[in-house]
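Participant: The following block contains a protein sequence and its predicted model.
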Amino acid sequence: MRLGDDGWSSAFKSVNLLLRHLGRKSRSVASRRAYCYILWKICLELKASPDELVSRARENPDEVAESVQGIADEKKESPRYANHIIAVAKTFFEVNRVDLRFEGIEQPIRFRKKPEYVPSLAEALRMADVAGTLRNRLLIAFLVYTGLRNSTLRALVYNETYPDPLLQEYTIKRELERGEECLAIIVHEVMKKHDPNACKDKLPYYTFIPPKVTRDLRLYLGEIKDRYDSILDDQPIFITEDRWIPKSQRQKTPISARELQGIVKNAARKAGIKNWKHVYPHCLRKTYESFLRNQPDNVRLDVKDREFVFGHTMPGSQDTYYDKTKIGDMRAKYSQMIFEPVIIKTEERVVSEEELQSFLQQGWRFVAPLPSGKAVVSREVKVERPEDAKTTTSVQTSNAMVQKDGIQSSPKMRISESFVPPTPSVESQDSSEGNTTCATGSRQPDTSELTNPSTVVVPRRDPQNSPSKMQSTNTREEKDVQGSTTKYGQKTLFDFNS
């Protein structure tokens with residue numbers, strides 16, 4: 001295409017007219033690359049330069065139109081790409097004052113050339129668990145909880161420079177220094193200087209990450225600081241680990257699109273997803289949409305808020321009158337959402353006829369009457385999985401974290417290593433009742449006690465054992481456990497005052 005140094009001029013007169021047209025529109029570098037690539041492919045197929053193609057079209061417009069239409073028809077198995085060829089050709093000839101007629105390819109509704117599989121929230125969090133290094137787990141968590149597009153995620157910078165002074169207070173660096181738990185992630189067109197495809201349609205918006213992802217981000221930045229001695233303001237958040245790139249350049253090189261896609265696919269395979277080959281980074285954006293939509297009624301964002309944090313334009317004049325300046329208010333709404341999968345259980349009760357009306361007013365549902373005159377009522381109960389019950393992306397470190405400038409670091413642990421789950425807690429089954437019991441009481445342990453690696457569950461002794469034997473056994477076990485720590489330095493049950 002013989003483009004100039006600035007990329008917006010060409011030695012070909014016809015291409016120069018096209019570039020001037022694109023510059024008056026959006027001046028998008030990504031659009032310029034796409035138009036020039038398609039035009040180059042057309043010229044290659046017809047064995048003519050752009051200027052020769054225009055001259056030939058003026059002499060015999062039907063022949064050129066038929067040739068270009070044939071190139072598009074060869075790609076009709078992908079209607080979107082075929083229509084893109086026609087759109088580029090039509091624009092190119094229009095700016096050169098040549099009127100050619102083309103016929104578009106019909107694209108079926110919801111057509112996809114490649115199949116895709118959208119993981120559920122539980123599957124996506126399981127992907128984060130098995131993704132490997134802290135950086136990889138953090139990448140999955142960002143995709144799930146922010147819904148950022150592939151290029152936008154890779155264009156995130158530690159301390160971005162925004163033209164708006166208001167946004168300058170919400171860079172990742174400033175947010176961490178203030179100790180925010182739900183970090184604001186700003187998407188702005190300035191990100192295009194890092195990746196031309198970032199911030200689609202130059203539409204600015206912001207979203208957030210939950211507290212547990214913020215903690216992992218602090219640890220990850222602490223690791224980068226330990227590895228490179230400092231964190232640069234203009235460095236990407238997610239740097240490459242490609243060993244073909246010299247180590248001195250990796251700190252300023254963002255992760256590539258292919259590398260991110262490989263991380264997502266590999267995590268889906270390790271998580272046991274059957275259709276892992278059809279899981280792409282953009283699929284987790286759809287998981288994020290489901291996460292926003294399936295929140296309980298009392299914490300769900302309204303439609304306008306969901307569209308905004310999703311990076312979509314609201315129809316009509318709604319987008320113009322939507323208040324985008326209240327970042328703090330949106331953060332408060334986001335922080336109230338449930339970030340773990342919700343378990344729904346059905347609770348049933350038998351109530352008397354006098355109590356029935358009261359229960360119905362409280363939201364219970366009538367199920368069936370009983371011969372005794374009583375009634376069975378039920379309701380659905382949403383049991384929120386505790387955040388500490390199963391840590392999806394956070395890593396529990398053994399030593400006290402050293403926090404400076406909003407970044408945590410651990411001098412005795414390389415958190416870039418793959419996560420290895422700690423040894424499961426010891427459990428026992430009561431022979432008479434069949435229920436798991438704890439030494440601290442006969443109650444049924446909750447989910448957090450069974451899944452939290454910091455909880456040590458000690459089996460209860462058989463009631464038929466003598467008291468002296470029971471006492472000596474417990475004393476020996478207490479000596480073994482007292483003052484001990486788990487693999488990650490977490491305190492055991494007996495380290496806490498009773």
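Facilitator: That came through, no problem. Numbering: from 1, shown residues only.

Participant: For this structure, which segments count as strands?
Facilitator: Along the chain, counting by DSSP state E, strands occupy 184-187, 205-208, 342-351, 365-369, 375-384, 402-404, 407-409.

Participant: Mind telling me which of those the model trusts least?
Facilitator: Here the lowest mean pLDDT among the strands of the chain goes to strand 402-404, at a mean of 50.

Participant: CA atoms of stretch 81-95 as PDB?
Facilitator: Only the C-alpha atoms of stretch 81-95 are listed here, as PDB (Å, rounded to 0.1, in the frame of the first residue of the first chain):
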ATOM      1  CA  TYR A  81     -15.800 -11.800   6.500                       C
ATOM      2  CA  ALA A  82     -17.400 -11.900   3.000                       C
ATOM      3  CA  ASN A  83     -19.500  -8.800   3.800                       C
ATOM      4  CA  HIS A  84     -16.500  -7.100   5.200                       C
ATOM      5  CA  ILE A  85     -14.700  -7.600   1.800                       C
ATOM      6  CA  ILE A  86     -17.700  -6.000   0.000                       C
ATOM      7  CA  ALA A  87     -17.900  -3.100   2.500                       C
ATOM      8  CA  VAL A  88     -14.200  -2.300   2.000                       C
ATOM      9  CA  ALA A  89     -14.400  -2.500  -1.800                       C
ATOM     10  CA  LYS A  90     -17.600  -0.400  -1.900                       C
ATOM     11  CA  THR A  91     -15.900   2.300   0.300                       C
ATOM     12  CA  PHE A  92     -12.700   2.200  -1.800                       C
ATOM     13  CA  PHE A  93     -14.500   2.800  -5.100                       C
ATOM     14  CA  GLU A  94     -16.900   5.400  -3.700                       C
ATOM     15  CA  VAL A  95     -14.100   7.700  -2.500                       C
END
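
Participant: Going by neighbour count, list what's buried in it.
Facilitator: Judged by neighbour count (16 or more other C-beta atoms under 10 Å), stretch 81-95 contains these buried residues: 82-86, 88-93, 95. Placement of C-beta: from N, CA and C, glycine included.

Participant: Show me which of these is closest to I105.
Facilitator: Of all the buried residues of stretch 81-95, I105 sits closest to A82, with 4.4 Å by C-beta to C-beta.

Participant: got the contact list for the closest one?
Facilitator: Contacts for A82 were tallied using C-beta atoms under 8 Å, 6 or more residues apart in numbering; they are 72-73, 75-76, 105.

Participant: Find me the pLDDT at it, would you?
Facilitator: At A82, pLDDT is 93.

Participant: The one 5 residues further on too?
Facilitator: Confidence at A87, expressed as pLDDT, is 94.

Participant: Over to R97?
Facilitator: 94.

Participant: burial of it, as a residue count?
Facilitator: 9 (other C-beta atoms under 10 Å).

Participant: Quick check: the gap between it and P369.
Facilitator: 82 Å (C-beta to C-beta, to the nearest Å).

Participant: cool, N136 as well?
Facilitator: 56 Å.
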